[in-house]
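Participant: Sequence and predicted structure below; questions after.
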Amino acid sequence: MEEILTQIIGQDYLHAKWLNTLSFMENAGARKISACEDMVETNIMQLKHAAEEHRHAYYLKKQLKKLPVQGFNSYASNSLLGGRSTQHYLHQLDMNVCRYLKTHFDLQGINLKYAAYLLVTYAIEVRADHLYPIYQASLDKYGSKVMVKSIIIEEKGHLQEMVDQLKLFNVDWEIHANQAIQMENLLFERWMNAIQSEILARKN
């Protein structure tokens with residue numbers, strides 16, 4: 001991943017697509033969280049988490065202004081790195097986790113949605129806790145004006161919140177959380193491969 005990020009940061013257009021892609025991912029996450037909310041029983045943690053993910057999406061869009069590029073006013077497919085892997089990443093993880101939960105728990109409706117929210121968000125926060133610090137280190141090394149330090153701090157808080165909620169969800173939460181991580185690892189590898197292929201195609 002470090003090598004891919006170095007290639008991305010070294011080219012302003014690719015870097016802009018990367019920032020827009022991260023913004024898309026954060027926005028997709030916020031929308032997923034909102035979709036899992038119960039109209040009556042929504043708790044303050046979900047509201048906080050959705051608000052912060054939306055703010056991350058906005059913040060990453062603002063970072064685009066630090067690059068000498070134009071456009072990227074939308075999440076059109078040609079403005080994102082990774083193509084379909086990016087667009088379907090979170091949705092595919094959500095579906096995979098829901099299938100897993102239906103197999104191992106007798107959950108339906110809002111209860112299924114909430115359990116999926118916990119596991120999906122946990123897996124994504126574990127990924128964010130790994131990805132954003134590597135990205136920031138690459139930015140520092142390159143001397144870029146782009147910064148994601150504020151996101152790193154909040155994502156760590158999100159991860160701890162998910163751990164706390166998963167402990168309440170099930171005594172064997174780590175077993176189920178690790179299954180979600182394995183699902184996410186496969187999707188992440190596919191996503192990185194798609195991005196690498198796009199970078200190579202641009203060189204050729």
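Facilitator: Ah, there it is. Numbering: from 1, shown residues only.

Participant: pLDDT value on the residue positioned nearest the centre of the chain, please?
Facilitator: Centroid-nearest residue in the chain, with CA atoms, centre = their mean: M25, separated by 4.9 Å. Per-residue confidence (pLDDT) for M25: 95.

Participant: now do N204
Facilitator: Looking at N204, its pLDDT stands at 54.

Participant: count of residues packed around Q179?
Facilitator: For Q179, the tally of surrounding residues (other CB atoms under 10 Å) stands at 17. In short, each C-beta sits where N, CA and C put it, glycine included.

Participant: For the chain, give me the ranges with low pLDDT.
Facilitator: Applying pLDDT under 70 to the chain flags residues 204.

Participant: what packs against the one helix or strand the residue nearest to the centre of the chain maps to?
Facilitator: When secondary structure is defined by DSSP states H and E, M25 falls within helix 12-35. Contacts defined by 3 or more CB pairs under 8 Å, 6 or more residues apart in numbering; DSSP states H and E place helix 12-35 against helix 2-9, helix 44-63, helix 83-104, helix 109-142.

Participant: which parts of it are buried?
Facilitator: Residues of helix 12-35 classed as buried by neighbour count (16 or more other CB atoms under 10 Å): 14-30, 32-34.

Participant: Then stretch 92-112?
Facilitator: 92-94, 96-98, 100-101, 112.

Participant: swap in stretch 145-158?
Facilitator: Those would be 146, 148, 151-152, 154-155, 158, for stretch 145-158 by 16+ other CB under 10 Å.

Participant: between those residues, which is closest to Y135?
Facilitator: V148 (5.9 Å; CB to CB).

Participant: give me phi/psi at the closest one?
Facilitator: phi -130, psi 20 (degrees, to the nearest 10).

Participant: Show me which of the buried residues of stretch 145-158 is closest to K203.
Facilitator: Scanning those for proximity to K203, where the rule is CB to CB, the winner is V146, at 22.3 Å.

Participant: In contact with the nearest residue to the closest one once chain neighbours are set aside, which residues are there?
Facilitator: Distances taken as CB to CB, 6 or more residues apart in numbering put Q63 closest to V146, at 4.9 Å, once the chain neighbours are dropped. The contact partners of Q63, by CB atoms under 8 Å, 6 or more residues apart in numbering, come to 19, 146-148.

Participant: Including distance to V120, could the residues you listed go into CSV?
Facilitator: Shown next, in CSV, are those (distance: CB to CB, whole Å):
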residue, distance to V120
L19, 23
V146, 27
M147, 27
V148, 21
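
Participant: Report the two of those separated the most.
Facilitator: Top of the distance list for those (CB to CB): L19 and M147, 11.2 Å.

Participant: Of all the helices and strands packed on helix 12-35, which one is nearest S197?
Facilitator: helix 83-104 (9.0 Å).
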